[in-house]
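1. I would like to see how this sequence folds:
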Amino acid sequence: MLNYLWGGMIILAVIFGVINGRVAEVGAAAIDSSKEAVTLCITMLGIMSLWMGLMRIAKSSGLIDRLTRLLGPLLRFLFPRIPANHKSLEYIASNMIANLLGLGWAATPFGLKAMESLAELETERNPDFSKIRAASNEMCTFLIINISSLQLIPVNLIAYRSQYGSANPASIIAPAIAATLISSSAAILFCKIMDRPRRRSHP
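-> Numbering: from 1, shown residues only. A predicted model of the protein is given here:
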């Protein structure tokens, strides 16, 4: 779908460039944007390598396990049907920690692992789950919380702002905390409201 979207935007840009007699500007913008994209990717590669390395160190040192236990009450509130000490809770906690640090790219692998683990858990409960092609309550809750993702340090946004010459790249921290706190609170409230009828229909 995204391929069609981006392809359509490129075609429209070329068409409007031809209509307005500004094909040269369109070509120049494409070349300049390509250079910026490569520079940005190199910048983000360094930042993400640093934070991914720190996450691996935190995992190896047992810090992630301790943070998972610290998040235990919140995880039990959000996912009451997941058994204690289930491996999916560790993946979910790691994903939430990465999102708290604003590391969307670092959170993705943990999110995929969490979804796989939640699917395995649901298959244990219901052997026909793989044939249903539907998401469980826990999978829906995790997806919504992952999308809303409370962020304390929006590393990606700070890196983007720094790349494009912002005078104070870190000034986004307070607004980001406020916005993601509201979105996360709304996500949790929505999940709890929607979870009630599903529990009654699927005890």
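
2. hey, which helix is longest across this structure?
-> With secondary structure taken from DSSP state H, the chain has its longest helix at helix 23-61.

3. what stretches of this protein score poorly on pLDDT?
-> By pLDDT under 70, the low-scoring segments of the chain are 1, 105, 129-133, 196-203.

4. residue closest to the middle of it?
-> Geometric centre of the chain, nearest residue: G104, 4.7 Å, by C-alpha atoms, centre = their mean.

5. Tell me who's in contact with that one.
-> A98, S149, N156 (C-beta atoms under 8 Å, 6 or more residues apart in numbering). All C-beta atoms are positioned from the backbone trio N, CA, C, and that covers glycine.

6. And L75, by the same measure?
-> The contact partners of L75, by C-beta under 8 Å, 6+ apart, come to T68, I82, L89, I92, A93.

7. does the last one sit in a helix or strand, and which one?
-> The one in question is A93. helix 87-100 (DSSP states H and E).

8. List of residues touching that helix?
-> 55, 59, 64-65, 67-68, 71, 75, 79, 82, 104, 106-107, 110-111, 113-114, 117-118, 121, 138, 142, 145-146, 149-153.

9. Distance check, A135 against E122.
-> 9 Å (C-beta to C-beta, to the nearest Å).

10. Look at those two and report which has more neighbours.
-> Per other C-beta atoms under 10 Å, whichever of A135 and E122 has more neighbours is E122, with 20 against 16.

11. list the buried ones in the host helix or strand of the more buried one?
-> If you go by DSSP H and E, E122 is part of helix 104-125. Across helix 104-125, burial judged by 16 or more other C-beta atoms under 10 Å covers 104, 106-107, 110-111, 113-115, 117-119, 121-122.

12. Send me that helix as CSV with only the CA atoms.
-> This file holds the C-alpha atoms of helix 104-125, laid out as CSV (Å, rounded to 0.1, in the frame of the first residue of the first chain):
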residue,chain,number,x,y,z
GLY,A,104,11.0,3.4,18.2
TRP,A,105,13.4,1.4,16.0
ALA,A,106,14.8,-0.4,19.0
ALA,A,107,11.3,-1.1,20.3
THR,A,108,10.2,-2.9,17.1
PRO,A,109,12.1,-6.2,17.5
PHE,A,110,10.7,-6.5,21.1
GLY,A,111,7.3,-5.7,19.8
LEU,A,112,7.4,-8.4,17.2
LYS,A,113,8.7,-10.9,19.8
ALA,A,114,5.9,-9.9,22.1
MET,A,115,3.3,-10.5,19.4
GLU,A,116,4.7,-13.9,18.6
SER,A,117,4.7,-14.9,22.2
LEU,A,118,1.1,-13.6,22.7
ALA,A,119,0.0,-15.6,19.7
GLU,A,120,1.6,-18.7,21.1
LEU,A,121,-0.1,-18.1,24.5
GLU,A,122,-3.5,-17.8,22.8
THR,A,123,-2.8,-20.9,20.8
GLU,A,124,-2.2,-22.8,24.0
ARG,A,125,-5.6,-21.6,25.3
